[in-house]
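Undergrad: Just need the structure, nothing else, for what follows:
(2 chains)
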Amino acid sequence: MASVSFDSVTKKFGDFTAVSDLGIEIGDGEFVCLLGPSGCGKTTTLRMIAGLETPTSGRVRIGDRDVTFMHPKDRKISMVFQDYALYPHMNLADNIAYPLKVRGESQEKRHARAREVADVLKIGQLLERMPSQISGGQQQRTSLARALVYPSDVYLFDEPLSNLDAKLRLEARGFLNHLQRDMGMTAVYVTHDQAEAMALATRIAVMDAGIVVQYAPPLEVYRRPATTFVANFVGNPPMNLLPVEAMIADGALHLRAGGLAVVPLKVTRAAAKALEAGRSLTLGVRPEHLAVASGGEENTIEGELFANENMGPEALVTLEREDTARFTARIFTDEMVALEGRVRLGFAADHIHLFDGEGLRLPLDGEEG
Amino acid sequence: MTRYLSLYFTRIGFSVATALLGAVFALPLIWFIFAPFNPRAELGLAVPDPFSLANFETVFQNAFALRGLWNSLIQSVGGVILVGAGATLASYALSRSPIRGKNVITYILLLFSSVVSGSAAMVPIFLIVNGMGLIDTHIAVILVFAGGLLPTAMFILRDFIDGIPKSYEESAMVAGASPVQAFFDVALPVIRPGVVVVVVWAFVNIWGSFLIPFILLRSSEKMPASVAIYSFYSEAGTPIVTLLAAYSLLYSLPVIVLYLFVSWKFGFRFFGGIKA
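TA: Here you go, the predicted model:
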């Protein structure tokens, strides 16, 4: 195992900048998820660790080795591909043992080791089969087995679960989590699924347009999103965001938007500074922090019931305000009341998020510094 | 009722028409199968009576014609090896390397091969081969065929390789394989069906070609079967039908065998291991 570090790495494809001035550090034994929408540069970043892309500028290190221009074969890495890339002309045993074959291991040793790994992944009885004769989930395990068959410094995953159906994906996700706890491997995992990143990562690097917007542990990303982009991308359903007008009066911060008024907040330095640039801020509330409320303008949002989606233990209640802004609340069905026509959703003041005109997080009272 | 009747007659009419058309194409083939075994064969179709191998006995006494088959084999196999190996490596490189303008290169190659090769280029080809002192050698025939067929072979194969995901070789290299290992262990087996198609196509092309060996070769002991077949014509230019038929059958056998072999061994199919 080893750490991975990027030293102001930029990758351009012609005029398009895929990754811009990346400078993250992945610690030894960490499981880092690169999370973002398609085209945000996450896969390019992974491929630069693998050596399948070469940075336009900057340095990539694995442990204390500078691998920027090193051929993939010399990097001591393993990788699981999105399409699995199993060799169609080899049976599963040969597929899994291929990394040992190129390292000159004897056939006997190779197959013994392949069997060992395959047994762990519960595909031991399929070793004689060809890749085209097994199911998608088994193919996924085979490609995982091939990555685990020999010890590597870093394990790379390029959306390995995106070709599985929903149920298998959950199962495989749980297994990967178990594996990480078991082996303590250094892993870099690319995904566009925020739930996968939350479930697996020790740290998440949220990427947007080639830039790492936030690099923090999952709960930190969830509880204190650095920008409105992160707030919107992480969490399902995403955080409710609403432009609000802010002003400081009587030594308190007042937020208003249409019929909504937030209970006056303590003025923080950051908020005061943001207000110098403009009075428009963005208010964010997570769906699980909203509840059906009655009466009062403070800390409540009112609107027409737009949708009421029952999910079993909970329901997603969406209302639409007069200014067409929609708010979704996640409500336990046990606490549900019959909803019709106009609905009010309330939130607690200590569960709100505030972003400045550029979409950057404004620390609230108690989290400044 | 009348509607069904008219449909019925339309069908009958259609079937009769296709049967006639099929017969027109089948007649030469039937002649081709029957005539070699008929010691009195003529240009008309006749069932061999008596069935005999006499024609073949006479053909096997013609050393020039038998040598022709052997020469055809040397030239075809030589050409196929060059075309197969050259086209595979070149089209793989064209498909995978990040060379700028590689599409232009491919299309120019194809254009030149289809325009320049063939009869129009015969004189310059002859002069070049003559200048190299290769006239009347197998090598000359093999090189000229390889040069003429390679561009099209590369074009076909490149298209095939373009359709194969890069992640095969990438996963091999990440697993510790050198580019050469990745090519031979992973890429080549995966593109083999395409190579087989090109090889069969090149073989059939060279095997059946007359003009190039006829012009580049001088001595009778190097002529391929396509040229040697003229030894079954009389001085006056009339074919000796019986021997010609027997020799034609022998001449066709390698191509038929090749098709059967490829179809049995590779089945002209492609197996996938990539989950799309």
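
Undergrad: for chain B, what helix or strand is lowest in average pLDDT?
TA: Here the helix or strand of chain B ranked lowest by mean pLDDT, DSSP states H and E is helix B:102-116, holding a mean of 76.

Undergrad: May I have that helix as PDB, with CA atoms only?
TA: C-alpha atoms of helix B:102-116 as PDB (Å, rounded to 0.1, in the frame of the first residue of the first chain):
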ATOM      1  CA  LYS B 102      -4.400   9.100 -39.300                       C
ATOM      2  CA  ASN B 103      -7.800   9.000 -41.000                       C
ATOM      3  CA  VAL B 104      -6.400  11.000 -43.900                       C
ATOM      4  CA  ILE B 105      -3.500   8.500 -44.200                       C
ATOM      5  CA  THR B 106      -5.900   5.600 -44.200                       C
ATOM      6  CA  TYR B 107      -8.200   7.100 -46.900                       C
ATOM      7  CA  ILE B 108      -5.300   8.100 -49.100                       C
ATOM      8  CA  LEU B 109      -3.900   4.600 -48.800                       C
ATOM      9  CA  LEU B 110      -7.200   3.100 -49.800                       C
ATOM     10  CA  LEU B 111      -7.600   5.500 -52.700                       C
ATOM     11  CA  PHE B 112      -4.200   4.800 -54.100                       C
ATOM     12  CA  SER B 113      -4.600   1.100 -53.800                       C
ATOM     13  CA  SER B 114      -7.800   1.000 -55.700                       C
ATOM     14  CA  VAL B 115      -6.800   3.500 -58.300                       C
ATOM     15  CA  VAL B 116      -3.100   2.700 -58.800                       C
END
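
Undergrad: what kind of secondary structure is the residue nearest in space to the middle of chain B in?
TA: Nearest residue to the geometric centre of chain B (Cα atoms, centre = their mean): residue B:204, 1.3 Å. Counting by DSSP: H, G, I helix; E, B strand; the rest coil, the backbone at residue B:204 sits in helix.

Undergrad: Low-confidence regions, chain B specifically.
TA: Across chain B, the ranges flagged by pLDDT under 70 are B:1, B:114-118, B:267-276.

Undergrad: got the residue ranges for the helices in it?
TA: All helices of chain B, identified by DSSP state H, fall at B:2-34, B:54-60, B:63-96, B:102-116, B:122-131, B:138-162, B:167-174, B:179-182, B:188-207, B:211-216, B:225-228, B:241-265.

Undergrad: Please apply the same query to the stretch 201-350 of chain A.
TA: A:218-223, A:228-233, A:269-277 (DSSP state H, counting those that start in this stretch).

Undergrad: show me what contacts the closest residue to chain B within the stretch 101-250 of chain A?
TA: The stretch 101-250 of chain A approaches chain B most closely through residue A:131 (4.1 Å), counting by Cβ to the nearest Cβ. For the C-beta atoms, the positions are set from N, CA and C on the backbone; glycine is no exception. Residues in contact with residue A:131, defined by Cβ atoms under 8 Å, 6 or more residues apart in numbering or on different chains, are A:84, A:86, A:87, A:88, A:90, A:92, A:95, A:139, A:142, B:273.

Undergrad: how close does the residue nearest to the centre of chain B sit to chain A?
TA: For residue B:204, the distance to chain A equals 26 Å [Cβ to the nearest Cβ, to the nearest Å].

Undergrad: go on, residue B:26?
TA: According to Cβ to the nearest Cβ, residue B:26 stands 39 Å off from chain A.

Undergrad: Mean neighbour count, the helices of the stretch 201-350 of chain A: which tops it?
TA: helix A:228-233 (a mean of 22; mean count of other Cβ atoms under 10 Å in any protein chain shown).

Undergrad: I'd like the mean pLDDT over that helix, please.
TA: Regarding helix A:228-233, the rounded mean pLDDT is 94.

Undergrad: In terms of secondary structure, what does that helix contact?
TA: With contacts defined as 3 or more Cβ pairs under 8 Å, 6 or more residues apart in numbering or on different chains; DSSP states H and E, helix A:228-233 has these neighbours: strand A:203-208, strand A:211-216, strand A:240-249, strand A:280-285, strand A:352-355.

Undergrad: Can you name the residues of chain A that neighbour chain B?
TA: Within chain A, the positions near chain B by Cβ under 8 Å from any Cβ of the partner chain are A:50-52, A:71-73, A:75, A:77-79, A:81-89, A:98-99, A:101-103, A:130-132, A:136, A:139, A:143, A:146, A:156, A:163.

Undergrad: Brilliant, that's me finished.
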